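In: Would you be able to build a 3D model of this:
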Amino acid sequence: MLKKFFNLDKNKTSVKTEVVAGITTFMTMAYILAVNPNILSETGMDKNALFTATALSAVVATLVMALWAKLPFALAPGMGLNAFFAFTVVLGMGYSWEFALTAVFLEGIIFLLLTLFNIREIIVNAIPINLKHAISAGIGLFIAFIGMQNAGLIVNNDSVLVGLGDMGSPTVLVAAIGLILTGVLLALKVRGALLIGIFVATLVGIPMGITIWPEGSVLSAPPSLEPIFFKFDFSQIFTLDMLIVLFTFLFVDMFDTVGTLVGVSSKANMLDKEGRVPRVKQALFADAIGTTVGSILGTSTVTTYVESASGVAEGGKTGLTSLTTAGMFFLALFLAPLFLMVPGAATAPALILVGSFMLSPVLKINFDDYTESIPAFLTIVMMPFAYSIAEGVVFGILSFVFLKALSGRLKDVSIVMWVLAVLFIANFFL
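Out: All right, here's what the predicted structure looks like:
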(Lines give C-alpha, C1' and ligand atoms only; values in the text may rest on other atoms or scores of the structure.)
Protein backbone atom coordinates (compact mmCIF):
# COMPACT_ATOMS: atom_id res chain seq x y z
CA MET A 1 0.00 0.00 0.00
CA LEU A 2 2.76 2.44 0.95
CA LYS A 3 4.74 1.55 -2.18
CA LYS A 4 1.76 2.29 -4.41
CA PHE A 5 0.58 5.47 -2.65
CA PHE A 6 4.03 7.08 -2.61
CA ASN A 7 5.23 5.56 -5.91
CA LEU A 8 8.35 4.16 -4.25
CA ASP A 9 9.33 1.94 -7.17
CA LYS A 10 8.99 4.79 -9.66
CA ASN A 11 11.17 6.98 -7.43
CA LYS A 12 13.70 4.14 -7.01
CA THR A 13 13.49 4.07 -3.23
CA SER A 14 12.24 1.71 -0.51
CA VAL A 15 10.20 1.82 2.69
CA LYS A 16 13.36 1.30 4.79
CA THR A 17 15.23 4.13 3.06
CA GLU A 18 12.30 6.52 3.43
CA VAL A 19 11.75 5.70 7.10
CA VAL A 20 15.43 6.14 7.96
CA ALA A 21 15.42 9.43 6.04
CA GLY A 22 12.34 10.64 7.95
CA ILE A 23 13.84 9.78 11.33
CA THR A 24 17.07 11.53 10.33
CA THR A 25 15.18 14.69 9.37
CA PHE A 26 13.37 14.61 12.70
CA MET A 27 16.55 14.15 14.69
CA THR A 28 18.22 17.14 13.03
CA MET A 29 15.22 19.44 13.68
CA ALA A 30 13.95 18.07 17.01
CA TYR A 31 15.74 20.96 18.75
CA ILE A 32 12.75 23.12 17.82
CA LEU A 33 10.72 21.28 20.47
CA ALA A 34 12.96 22.83 23.12
CA VAL A 35 13.99 26.09 21.45
CA ASN A 36 10.58 27.36 20.29
CA PRO A 37 8.94 27.14 23.75
CA ASN A 38 12.02 28.80 25.31
CA ILE A 39 11.85 31.75 22.90
CA LEU A 40 8.07 32.30 22.88
CA SER A 41 7.74 31.87 26.65
CA GLU A 42 9.73 35.12 27.00
CA THR A 43 6.46 36.85 26.06
CA GLY A 44 4.63 35.36 29.04
CA MET A 45 3.11 32.44 27.13
CA ASP A 46 2.88 29.12 28.94
CA LYS A 47 6.05 27.14 28.17
CA ASN A 48 4.52 23.69 28.61
CA ALA A 49 1.57 24.54 26.38
CA LEU A 50 4.03 25.87 23.79
CA PHE A 51 5.74 22.48 23.65
CA THR A 52 2.45 20.81 22.69
CA ALA A 53 1.61 23.56 20.17
CA THR A 54 5.05 23.25 18.56
CA ALA A 55 4.81 19.48 18.15
CA LEU A 56 1.17 19.46 16.96
CA SER A 57 1.68 22.23 14.40
CA ALA A 58 4.67 20.31 13.02
CA VAL A 59 2.56 17.15 12.81
CA VAL A 60 -0.31 18.86 10.96
CA ALA A 61 1.84 20.75 8.44
CA THR A 62 4.18 17.83 7.76
CA LEU A 63 1.23 15.47 7.24
CA VAL A 64 -0.14 17.81 4.57
CA MET A 65 3.29 17.78 2.91
CA ALA A 66 3.45 13.99 3.16
CA LEU A 67 -0.04 12.98 2.07
CA TRP A 68 -0.91 15.75 -0.40
CA ALA A 69 2.34 17.12 -1.82
CA LYS A 70 4.09 13.75 -1.33
CA LEU A 71 7.46 15.48 -0.95
CA PRO A 72 10.21 14.62 1.60
CA PHE A 73 10.09 17.98 3.40
CA ALA A 74 9.21 18.60 7.05
CA LEU A 75 7.70 21.70 8.63
CA ALA A 76 7.62 23.27 12.10
CA PRO A 77 7.53 26.75 13.70
CA GLY A 78 10.38 28.63 12.04
CA MET A 79 13.50 29.94 13.71
CA GLY A 80 13.97 33.69 13.21
CA LEU A 81 10.25 34.17 12.84
CA ASN A 82 9.70 33.05 16.43
CA ALA A 83 12.40 35.49 17.57
CA PHE A 84 10.71 38.32 15.63
CA PHE A 85 7.41 37.32 17.27
CA ALA A 86 8.86 37.41 20.79
CA PHE A 87 11.61 40.01 20.84
CA THR A 88 10.40 42.54 18.26
CA VAL A 89 6.59 42.46 18.23
CA VAL A 90 5.98 41.69 21.91
CA LEU A 91 9.03 42.75 23.92
CA GLY A 92 10.20 45.46 21.48
CA MET A 93 7.00 47.07 20.20
CA GLY A 94 5.13 46.39 23.41
CA TYR A 95 2.21 44.47 21.95
CA SER A 96 0.62 41.46 23.61
CA TRP A 97 1.40 37.95 22.46
CA GLU A 98 -2.27 37.69 21.52
CA PHE A 99 -1.68 40.55 19.03
CA ALA A 100 1.32 38.70 17.57
CA LEU A 101 -0.67 35.45 17.26
CA THR A 102 -3.39 37.37 15.43
CA ALA A 103 -0.79 38.61 12.91
CA VAL A 104 0.40 35.04 12.36
CA PHE A 105 -3.20 33.87 11.86
CA LEU A 106 -3.84 36.60 9.27
CA GLU A 107 -0.57 35.68 7.55
CA GLY A 108 -1.74 32.08 7.27
CA ILE A 109 -5.07 33.13 5.74
CA ILE A 110 -3.32 35.40 3.21
CA PHE A 111 -0.92 32.59 2.29
CA LEU A 112 -3.85 30.24 1.73
CA LEU A 113 -5.38 32.76 -0.70
CA LEU A 114 -2.05 33.48 -2.46
CA THR A 115 -1.48 29.74 -2.90
CA LEU A 116 -5.06 29.10 -4.04
CA PHE A 117 -4.66 31.68 -6.81
CA ASN A 118 -1.20 30.33 -7.79
CA ILE A 119 0.63 33.55 -6.93
CA ARG A 120 3.28 31.80 -4.80
CA GLU A 121 3.68 29.08 -7.42
CA ILE A 122 4.28 31.75 -10.08
CA ILE A 123 7.04 33.24 -7.91
CA VAL A 124 8.75 29.87 -7.45
CA ASN A 125 8.63 29.12 -11.17
CA ALA A 126 9.90 32.60 -12.11
CA ILE A 127 13.25 32.16 -10.35
CA PRO A 128 15.95 31.51 -13.02
CA ILE A 129 17.52 28.04 -13.04
CA ASN A 130 21.02 29.27 -12.13
CA LEU A 131 19.63 31.03 -9.07
CA LYS A 132 17.80 27.84 -8.10
CA HIS A 133 21.08 25.93 -8.13
CA ALA A 134 22.72 28.77 -6.17
CA ILE A 135 19.96 28.64 -3.56
CA SER A 136 20.80 24.98 -2.93
CA ALA A 137 24.49 25.79 -2.43
CA GLY A 138 23.68 28.81 -0.24
CA ILE A 139 21.45 26.70 1.98
CA GLY A 140 24.31 24.20 2.21
CA LEU A 141 26.66 26.84 3.61
CA PHE A 142 23.91 28.19 5.84
CA ILE A 143 23.08 24.88 7.53
CA ALA A 144 26.76 23.97 7.80
CA PHE A 145 27.25 27.28 9.63
CA ILE A 146 24.36 26.43 11.96
CA GLY A 147 25.91 23.01 12.58
CA MET A 148 29.28 24.56 13.42
CA GLN A 149 27.61 26.93 15.86
CA ASN A 150 25.73 24.06 17.52
CA ALA A 151 29.04 22.21 17.84
CA GLY A 152 30.78 25.18 19.44
CA LEU A 153 33.25 25.09 16.57
CA ILE A 154 32.31 28.62 15.49
CA VAL A 155 31.52 31.20 18.17
CA ASN A 156 30.73 34.90 18.45
CA ASN A 157 33.90 36.96 18.38
CA ASP A 158 33.55 40.67 19.13
CA SER A 159 36.59 41.70 17.11
CA VAL A 160 35.85 39.82 13.86
CA LEU A 161 32.18 38.81 14.34
CA VAL A 162 32.91 35.06 14.24
CA GLY A 163 35.86 32.99 15.35
CA LEU A 164 37.06 29.53 16.25
CA GLY A 165 35.65 28.04 19.46
CA ASP A 166 37.44 26.14 22.20
CA MET A 167 38.71 23.04 20.42
CA GLY A 168 39.21 21.24 23.72
CA SER A 169 35.66 21.70 25.00
CA PRO A 170 33.46 18.60 25.49
CA THR A 171 30.88 20.00 23.04
CA VAL A 172 33.42 20.32 20.24
CA LEU A 173 34.87 16.87 21.00
CA VAL A 174 31.45 15.20 20.87
CA ALA A 175 30.73 16.91 17.55
CA ALA A 176 34.17 15.99 16.19
CA ILE A 177 33.70 12.33 17.07
CA GLY A 178 30.28 12.35 15.41
CA LEU A 179 31.66 14.13 12.35
CA ILE A 180 34.54 11.68 11.83
CA LEU A 181 32.36 8.61 12.46
CA THR A 182 29.60 9.80 10.14
CA GLY A 183 32.15 10.72 7.46
CA VAL A 184 33.67 7.23 7.60
CA LEU A 185 30.23 5.60 7.42
CA LEU A 186 29.35 7.76 4.40
CA ALA A 187 32.62 6.80 2.71
CA LEU A 188 31.79 3.13 3.32
CA LYS A 189 28.28 3.77 1.90
CA VAL A 190 26.54 2.62 5.08
CA ARG A 191 22.78 3.30 4.98
CA GLY A 192 21.59 5.51 7.80
CA ALA A 193 25.05 6.99 8.34
CA LEU A 194 23.73 10.35 9.54
CA LEU A 195 21.28 8.75 11.98
CA ILE A 196 23.93 6.36 13.34
CA GLY A 197 26.28 9.30 13.82
CA ILE A 198 23.65 11.24 15.79
CA PHE A 199 22.92 8.20 17.99
CA VAL A 200 26.57 7.43 18.76
CA ALA A 201 27.43 11.09 19.43
CA THR A 202 24.48 11.29 21.84
CA LEU A 203 25.81 8.25 23.74
CA VAL A 204 29.37 9.63 23.76
CA GLY A 205 27.99 12.85 25.23
CA ILE A 206 26.68 11.10 28.36
CA PRO A 207 30.01 10.55 30.15
CA MET A 208 31.24 13.92 28.86
CA GLY A 209 28.33 15.76 30.46
CA ILE A 210 26.89 16.99 27.17
CA THR A 211 23.97 14.58 26.98
CA ILE A 212 21.79 14.85 30.07
CA TRP A 213 19.81 11.67 30.79
CA PRO A 214 16.21 12.59 31.69
CA GLU A 215 15.09 12.25 35.29
CA GLY A 216 12.08 10.05 35.99
CA SER A 217 9.96 8.42 33.30
CA VAL A 218 10.52 9.26 29.66
CA LEU A 219 6.80 8.65 29.00
CA SER A 220 4.40 11.47 29.83
CA ALA A 221 1.09 12.97 28.67
CA PRO A 222 1.30 16.13 26.51
CA PRO A 223 0.80 19.40 28.44
CA SER A 224 -2.56 21.15 27.97
CA LEU A 225 -2.97 23.74 25.20
CA GLU A 226 -5.64 25.66 27.11
CA PRO A 227 -3.47 28.67 28.17
CA ILE A 228 -2.65 29.62 24.56
CA PHE A 229 -5.32 27.94 22.41
CA PHE A 230 -7.32 30.32 20.13
CA LYS A 231 -6.13 33.41 21.97
CA PHE A 232 -6.53 36.14 19.36
CA ASP A 233 -6.83 39.93 19.68
CA PHE A 234 -8.62 41.44 16.67
CA SER A 235 -8.97 44.92 18.20
CA GLN A 236 -5.92 46.34 16.36
CA ILE A 237 -5.95 44.55 13.00
CA PHE A 238 -6.42 47.81 11.05
CA THR A 239 -3.45 49.65 12.60
CA LEU A 240 -0.21 50.58 10.80
CA ASP A 241 1.81 48.48 13.25
CA MET A 242 -0.27 45.42 12.40
CA LEU A 243 0.35 46.07 8.70
CA ILE A 244 4.13 46.30 9.22
CA VAL A 245 4.24 43.21 11.45
CA LEU A 246 2.06 41.25 9.03
CA PHE A 247 4.17 42.28 6.01
CA THR A 248 7.37 41.20 7.77
CA PHE A 249 5.93 37.80 8.65
CA LEU A 250 4.69 37.38 5.07
CA PHE A 251 7.96 38.44 3.46
CA VAL A 252 10.34 36.33 5.54
CA ASP A 253 8.15 33.22 5.55
CA MET A 254 7.47 33.33 1.82
CA PHE A 255 11.10 33.48 0.75
CA ASP A 256 12.34 31.15 3.48
CA THR A 257 9.91 28.52 2.23
CA VAL A 258 10.53 29.22 -1.46
CA GLY A 259 14.28 29.08 -0.92
CA THR A 260 14.11 25.82 1.02
CA LEU A 261 11.77 24.10 -1.46
CA VAL A 262 13.86 25.12 -4.45
CA GLY A 263 17.24 24.46 -2.84
CA VAL A 264 16.51 21.01 -1.44
CA SER A 265 14.64 19.97 -4.60
CA SER A 266 17.64 21.01 -6.70
CA LYS A 267 19.98 18.94 -4.57
CA ALA A 268 17.67 15.92 -4.77
CA ASN A 269 17.45 16.24 -8.59
CA MET A 270 13.68 16.66 -8.24
CA LEU A 271 13.39 19.73 -10.46
CA ASP A 272 11.82 19.04 -13.87
CA LYS A 273 13.36 20.00 -17.23
CA GLU A 274 12.12 23.58 -16.81
CA GLY A 275 13.58 23.82 -13.30
CA ARG A 276 10.23 23.57 -11.52
CA VAL A 277 9.56 21.96 -8.15
CA PRO A 278 7.07 19.07 -8.50
CA ARG A 279 3.67 19.59 -6.84
CA VAL A 280 4.85 22.95 -5.56
CA LYS A 281 1.30 24.27 -5.05
CA GLN A 282 0.49 21.45 -2.63
CA ALA A 283 3.82 22.01 -0.87
CA LEU A 284 3.04 25.71 -0.43
CA PHE A 285 -0.38 24.83 0.93
CA ALA A 286 1.35 22.76 3.62
CA ASP A 287 3.07 25.75 5.21
CA ALA A 288 -0.02 27.97 4.75
CA ILE A 289 -2.22 25.41 6.52
CA GLY A 290 0.50 24.82 9.12
CA THR A 291 0.78 28.54 9.89
CA THR A 292 -3.00 28.98 10.17
CA VAL A 293 -3.49 25.91 12.39
CA GLY A 294 -0.32 26.72 14.36
CA SER A 295 -1.60 30.19 15.27
CA ILE A 296 -4.87 28.66 16.51
CA LEU A 297 -2.89 26.18 18.61
CA GLY A 298 -0.78 29.06 19.93
CA THR A 299 2.58 29.17 18.15
CA SER A 300 4.44 31.34 15.66
CA THR A 301 4.75 30.94 11.88
CA VAL A 302 5.23 27.41 10.53
CA THR A 303 7.66 27.01 7.64
CA THR A 304 9.48 24.34 5.62
CA TYR A 305 12.67 23.30 7.39
CA VAL A 306 16.08 23.40 5.75
CA GLU A 307 17.00 20.38 7.90
CA SER A 308 14.83 18.37 5.49
CA ALA A 309 18.02 18.22 3.44
CA SER A 310 19.42 15.70 5.94
CA GLY A 311 16.63 13.27 5.10
CA VAL A 312 17.10 13.84 1.38
CA ALA A 313 20.81 13.13 1.85
CA GLU A 314 19.82 9.77 3.39
CA GLY A 315 17.89 8.91 0.23
CA GLY A 316 14.45 10.29 1.04
CA LYS A 317 12.52 11.09 -2.14
CA THR A 318 8.81 10.84 -1.35
CA GLY A 319 6.13 11.79 1.13
CA LEU A 320 6.87 8.65 3.13
CA THR A 321 9.95 10.46 4.46
CA SER A 322 7.87 13.38 5.73
CA LEU A 323 5.13 11.01 6.96
CA THR A 324 7.77 9.34 9.14
CA THR A 325 8.94 12.73 10.42
CA ALA A 326 5.34 13.67 11.28
CA GLY A 327 5.00 10.38 13.15
CA MET A 328 8.16 11.13 15.13
CA PHE A 329 6.81 14.55 16.14
CA PHE A 330 3.62 12.86 17.30
CA LEU A 331 5.61 10.36 19.38
CA ALA A 332 7.60 13.25 20.81
CA LEU A 333 4.39 14.52 22.42
CA PHE A 334 4.52 11.49 24.73
CA LEU A 335 8.29 10.92 24.83
CA ALA A 336 9.50 14.48 25.18
CA PRO A 337 12.28 13.80 27.73
CA LEU A 338 13.81 11.11 25.51
CA PHE A 339 13.91 13.22 22.36
CA LEU A 340 14.99 16.40 24.11
CA MET A 341 18.07 14.71 25.58
CA VAL A 342 19.77 14.70 22.14
CA PRO A 343 22.22 17.64 22.32
CA GLY A 344 22.96 20.10 19.53
CA ALA A 345 26.52 18.77 19.42
CA ALA A 346 25.19 15.36 18.34
CA THR A 347 23.10 16.68 15.44
CA ALA A 348 25.74 19.23 14.36
CA PRO A 349 27.79 16.71 12.30
CA ALA A 350 24.72 15.82 10.23
CA LEU A 351 24.08 19.49 9.44
CA ILE A 352 27.73 20.14 8.54
CA LEU A 353 27.94 17.13 6.22
CA VAL A 354 24.58 17.82 4.59
CA GLY A 355 25.89 21.32 3.94
CA SER A 356 28.72 19.79 1.93
CA PHE A 357 26.27 17.59 -0.01
CA MET A 358 24.22 20.60 -1.04
CA LEU A 359 27.11 22.37 -2.73
CA SER A 360 27.07 20.03 -5.74
CA PRO A 361 24.48 22.04 -7.79
CA VAL A 362 27.17 24.76 -8.04
CA LEU A 363 28.62 22.66 -10.87
CA LYS A 364 25.49 23.37 -12.93
CA ILE A 365 25.82 27.17 -12.70
CA ASN A 366 27.04 29.04 -15.79
CA PHE A 367 30.05 30.96 -14.46
CA ASP A 368 31.05 32.24 -17.90
CA ASP A 369 28.13 34.68 -17.95
CA TYR A 370 28.66 37.33 -15.26
CA THR A 371 24.99 38.34 -15.30
CA GLU A 372 24.29 34.77 -14.13
CA SER A 373 27.34 34.02 -11.97
CA ILE A 374 27.38 37.21 -9.87
CA PRO A 375 23.73 36.87 -8.76
CA ALA A 376 24.40 33.20 -8.05
CA PHE A 377 27.45 34.10 -5.96
CA LEU A 378 25.55 36.73 -3.96
CA THR A 379 22.72 34.26 -3.36
CA ILE A 380 25.19 31.72 -2.01
CA VAL A 381 27.23 33.96 0.29
CA MET A 382 24.43 36.14 1.66
CA MET A 383 22.57 33.21 3.21
CA PRO A 384 25.24 32.40 5.82
CA PHE A 385 26.52 35.99 6.07
CA ALA A 386 23.05 37.49 6.66
CA TYR A 387 21.95 34.34 8.53
CA SER A 388 18.82 34.16 6.39
CA ILE A 389 17.71 32.09 3.41
CA ALA A 390 15.25 34.84 2.52
CA GLU A 391 17.96 37.53 2.31
CA GLY A 392 20.06 35.32 0.05
CA VAL A 393 17.11 35.00 -2.33
CA VAL A 394 16.54 38.78 -2.18
CA PHE A 395 20.13 39.71 -3.05
CA GLY A 396 20.24 37.11 -5.80
CA ILE A 397 17.07 38.33 -7.48
CA LEU A 398 17.90 42.03 -7.13
CA SER A 399 21.39 41.62 -8.60
CA PHE A 400 20.01 39.43 -11.41
CA VAL A 401 17.44 42.06 -12.41
CA PHE A 402 19.86 45.01 -12.27
CA LEU A 403 22.74 43.25 -14.04
CA LYS A 404 20.52 41.97 -16.83
CA ALA A 405 18.76 45.31 -17.29
CA LEU A 406 21.94 47.43 -17.26
CA SER A 407 23.70 44.99 -19.60
CA GLY A 408 21.00 45.43 -22.22
CA ARG A 409 19.46 41.97 -21.71
CA LEU A 410 15.99 43.00 -20.65
CA LYS A 411 14.43 40.00 -22.42
CA ASP A 412 16.01 37.73 -19.79
CA VAL A 413 14.04 39.40 -16.99
CA SER A 414 10.42 38.33 -16.54
CA ILE A 415 7.68 40.65 -15.30
CA VAL A 416 7.46 38.60 -12.10
CA MET A 417 11.17 39.24 -11.41
CA TRP A 418 10.66 42.98 -11.89
CA VAL A 419 7.71 42.98 -9.48
CA LEU A 420 9.74 41.04 -6.90
CA ALA A 421 12.65 43.49 -7.24
CA VAL A 422 10.35 46.47 -6.58
CA LEU A 423 8.83 44.73 -3.54
CA PHE A 424 12.27 43.88 -2.15
CA ILE A 425 13.45 47.47 -2.46
CA ALA A 426 10.26 48.68 -0.77
CA ASN A 427 10.84 46.18 2.02
CA PHE A 428 14.32 47.60 2.70
CA PHE A 429 12.85 51.05 3.29
CA LEU A 430 9.93 49.76 5.36
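
In: Okay, strands next: where are they in the stretch 1-150 of the chain?
Out: Using DSSP state E, counting those that start in this stretch, the strands assigned to the stretch 1-150 of the chain run over residues 75-77.

In: Show me the shaky parts of it.
Out: For the stretch 1-150 of the chain, the stretches with pLDDT under 70 are 80.

In: at 90 what do you get?
Out: For the stretch 1-150 of the chain, the stretches flagged by pLDDT under 90 are 1-14, 27-42, 47-48, 78-95, 111, 114-115, 118-147, 149-150.

In: all helices for it, in order.
Out: Counting by DSSP state H, counting those that start in this stretch, the stretch 1-150 of the chain has helices at residues 2-5, 15-29, 32-40, 47-64, 81-83, 97-116, 119-126, 129-151.

In: As a markdown table, the ones you listed with distance to Met242 and mean neighbour count would be great.
Out: Using the backbone N, CA and C atoms, a C-beta is placed for each residue, glycine as well. Listed next are the helices of the stretch 1-150 of the chain as a markdown table, based on distance: least, Cβ to Cβ, whole Å; neighbours: other Cβ atoms under 10 Å:
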| stretch | distance to Met242 | mean neighbour count |
| --- | --- | --- |
| helix 2-5 | 42 | 12 |
| helix 15-29 | 30 | 25 |
| helix 32-40 | 19 | 21 |
| helix 47-64 | 22 | 25 |
| helix 81-83 | 16 | 20 |
| helix 97-116 | 6 | 21 |
| helix 119-126 | 22 | 18 |
| helix 129-151 | 30 | 26 |
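
In: Quick one: closest of the ones you listed to Val416.
Out: Taking Cβ to Cβ, helix 119-126 is the member of these nearest to Val416, at 3.7 Å.

In: which residues make contact with that closest one from outside it?
Out: 111, 114-115, 254, 258, 261-262, 274, 276-277, 280-281, 284, 414, 416-417, 420 (Cβ atoms under 8 Å, 6 or more residues apart in numbering).

In: Just the buried residues of these.
Out: Neighbour-count burial within these applies to 111, 114-115, 254, 258, 261-262, 276-277, 280, 284, 416-417, 420; the criterion is 16 or more other Cβ atoms under 10 Å.

In: among those, which two are most distant?
Out: Across the buried ones among the contacts of helix 119-126, the longest distance by Cβ to Cβ is 20.9 Å; it joins Phe111 and Met417.

In: Strands - which of the buried ones among the contacts of helix 119-126 land there?
Out: Under the assignment DSSP state E, those contribute nothing to strands.

In: So which of these sit within helices?
Out: Per DSSP state H, helices hold the following members of these: Phe111, Leu114, Thr115, Met254, Val258, Leu261, Val262, Val280, Leu284, Val416, Met417, Leu420.

In: How about the first one: what's its closest non-neighbour residue?
Out: Going back to what we said before, that points to Phe111. The spatially closest residue to Phe111, leaving aside those adjacent along the chain, is Ala288, at 3.7 Å (Cβ to Cβ, 6 or more residues apart in numbering).

In: that's a strand at that neighbour, yeah?
Out: No - under the criterion used here (DSSP: H, G, I helix; E, B strand; the rest coil), Ala288 is helix, not part of a strand.

In: Offset the numbering so it begins at 714, please.
Out: Done: numbering now begins at 714, and the last item shifts to Ala1001.

In: want to throw the helices of the stretch 714-863 of the chain into a markdown table with distance to Thr924?
Out: Formatted as a markdown table, these follow (distance: least, Cβ to Cβ, whole Å):
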| stretch | distance to Thr924 |
| --- | --- |
| helix 715-718 | 33 |
| helix 728-742 | 13 |
| helix 745-753 | 13 |
| helix 760-777 | 20 |
| helix 794-796 | 25 |
| helix 810-829 | 32 |
| helix 832-839 | 40 |
| helix 842-864 | 14 |
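
In: hang on, the earlier thing: closest one to Lys1117 out of the ones in helices among the buried ones among the contacts of helix 832-839, please.
Out: Nearest to Lys1117 among these: Met1130, at 8.5 Å, using Cβ to Cβ.

In: State the number of residues packed around Ile909.
Out: By other Cβ atoms under 10 Å, the residues close to Ile909 number 17.

In: circling back: Throw the ones in helices among the buried ones among the contacts of helix 832-839 into TSV and include distance to Asn724, thanks.
Out: Shown next, in TSV, are those (distance: Cβ to Cβ, whole Å):
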residue	distance to Asn724
Phe824	28
Leu827	29
Thr828	25
Met967	28
Val971	23
Leu974	17
Val975	19
Val993	17
Leu997	21
Val1129	30
Met1130	32
Leu1133	32
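
In: Between those residues, which sits nearest Val1114?
Out: The closest of those, once distances to Val1114 are taken by Cβ to Cβ, is Met1130, at 5.5 Å.

In: any chance you could map the helices in the stretch 1014-1143 of the chain?
Out: In the stretch 1014-1143 of the chain, the helices defined using DSSP H, counting those that start in this stretch lie at 1021-1026, 1032-1045, 1049-1053, 1057-1070, 1083-1099, 1102-1119, 1128-1142.

In: Worst mean pLDDT among the ones you listed?
Out: Lowest mean pLDDT within the helices of the stretch 1014-1143 of the chain: helix 1049-1053, a mean of 73.
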